[in-house]
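Q: Curious how this folds, go ahead:
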Amino acid sequence: MNEIPSLTEKDGITCFLFPRWEKAGLVGHGFSTRLGGISKGPFAYLNLGLKGGDSPEIVSKNRHRFLGIWGKHERDLFCGEQVHGKEVFLVDREFLKKGSREIPATDALITKEPQVLLGAFSADCLLAFFLDPKVPAIGIAHAGWRGTLMGILAGVVEAMKKNFKSKPDSLEVLMTPAIGPCCYEVGKEVLDFCAVSPWSSDTVFYPGIRPGHPFLDLQKTNNNILCKTGVKPANIVTNGFCTHCRQDLFYSYRGAKGGATGSHMGIIFLR
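A: Okay, here's the model as predicted:
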């Protein structure tokens, strides 16, 4: 997959789409920027998350604008609670009968049900979209440093193998913009966690300015982990944007320095 995700404007909303997936027509998908909504102040403009303190009414209107690009609605959305863990949840026909929308203690979702809208939120963390075009089946995962070192993306691969008989070398994975190694300085907590992680040898650090504070590369680390699970390197699409560097385009938790900020949304569904 030589193509890279591209910034596209649709109905006044600026978002990322992967041209190859768009042309194939098997899935609908997108990752929002902060451009195109009606939120104000630190949430300006297209805040799609409810946890930061923005008005729920305004967030709902923003979601209506974003999801409307694909003819979807907020009531269609399935998402995890996102607790920086490694749980992967199967949205199957039995679960759909329950009518639940937010799955507790979950950071990744998979499904093979048509038109089921999977979503996740981020503001520096990495989101990853999964597609098995042969089943077909899809997944979405939220990965900060903790989820990454727990191997949540590897967990999605295993869950798709178990539930859909997916073959890792058939999977296609698309990564969204996230905080880059240029800005992601970490410290003792991350290093200690990494030391006991089964993925420590796959973790990519760069020398830091301060002793004991290297810079972590989320995309390369997750790329290494995916390759270990059998996903072909050519089927992994990374993204060169850093959310911290480009706060004109993205929300950044670190950029907000602990203050209020908005969230992006990534969505994917089988057509």
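Q: Tabulate the CA atom coordinates of the strand or helix carrying residue 162 in CSV.
A: Following DSSP states H and E, one finds residue 162 within helix 152-164. These are the backbone C-alpha positions of helix 152-164, laid out as CSV (Å, rounded to 0.1, in the frame of the first residue of the first chain):
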residue,chain,number,x,y,z
ILE,A,152,-3.3,-3.6,22.3
LEU,A,153,-2.7,-3.7,18.5
ALA,A,154,-1.4,-7.2,18.8
GLY,A,155,-4.5,-8.0,20.8
VAL,A,156,-6.7,-6.8,17.9
VAL,A,157,-4.8,-9.1,15.5
GLU,A,158,-5.3,-12.0,17.9
ALA,A,159,-9.0,-11.2,18.4
MET,A,160,-9.6,-11.1,14.6
LYS,A,161,-7.8,-14.4,14.2
LYS,A,162,-9.9,-16.0,16.9
ASN,A,163,-13.3,-14.6,16.0
PHE,A,164,-13.0,-14.2,12.2
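Q: Tell me how many other residues crowd residue 9.
A: With neighbours defined by other CB atoms under 10 Å, the count for residue 9 comes to 11. Every C-beta, even on glycine, is put in place using the N, C-alpha and C of the backbone.
Q: Let me see the contact set for it.
A: By CB atoms under 8 Å, 6 or more residues apart in numbering, the residues touching residue 9 are residue 36.
Q: What of the one 5 residues further on?
A: The neighbours of residue 14, taking CB under 8 Å, 6+ apart as the test, are 7, 8, 32, 33, 35, 36, 249.
Q: now swap in residue 175 and tell me
A: 126, 127, 128, 129, 219, 222, 223, 236, 237, 238, 239.
Q: sec struct for the third one, please.
A: Read it as residue 128. Following DSSP: H, G, I helix; E, B strand; the rest coil, residue 128 is assigned to strand.
Q: What's opposite it in the beta bridge?
A: Taking DSSP bridges as the rule, residue 128 bridges to residue 141, residue 175.
Q: wouldn't it be in contact with residue 140 here?
A: Yes. Using CB atoms under 8 Å, residue 128 and residue 140 qualify as a contacting pair, with a distance of 7.1 Å.
Q: Now, of the contacts of residue 14, which are buried?
A: Buried by 16 or more other CB atoms under 10 Å: 32, 33, 35, 36, 249, out of these.
Q: how close does the most far-flung residue of the chain relative to its centre sit to residue 185?
A: Distance from the centre of the chain peaks at residue 211, with 30.6 Å (CA atoms, centre = their mean). Relative to residue 185, residue 211 is positioned 12 Å away (CB to CB, to the nearest Å).
Q: likewise residue 167?
A: Residue 167 sits 38 Å away from residue 185, taking CB to CB as the criterion.
Q: repeat for residue 121
A: The gap separating residue 121 from residue 185 is 23 Å, by CB to CB.
Q: With neighbour numbers in mind, choose between these two.
A: The neighbour comparison of residue 121 against residue 185 (other CB under 10 Å) goes to residue 121, with 23 against 17.
Q: tell me the secondary structure for the more buried one?
A: strand.
Q: Numbering from 39 from now on, please.
A: Shifting the count to begin at 39 puts that one at residue 159.
Q: I'd like the distance from stretch 213-228 to the chain centre, please.
A: Here the centre of stretch 213-228 is set off from its chain's centre by 15 Å, with CA atoms, centre = their mean, to the nearest Å.
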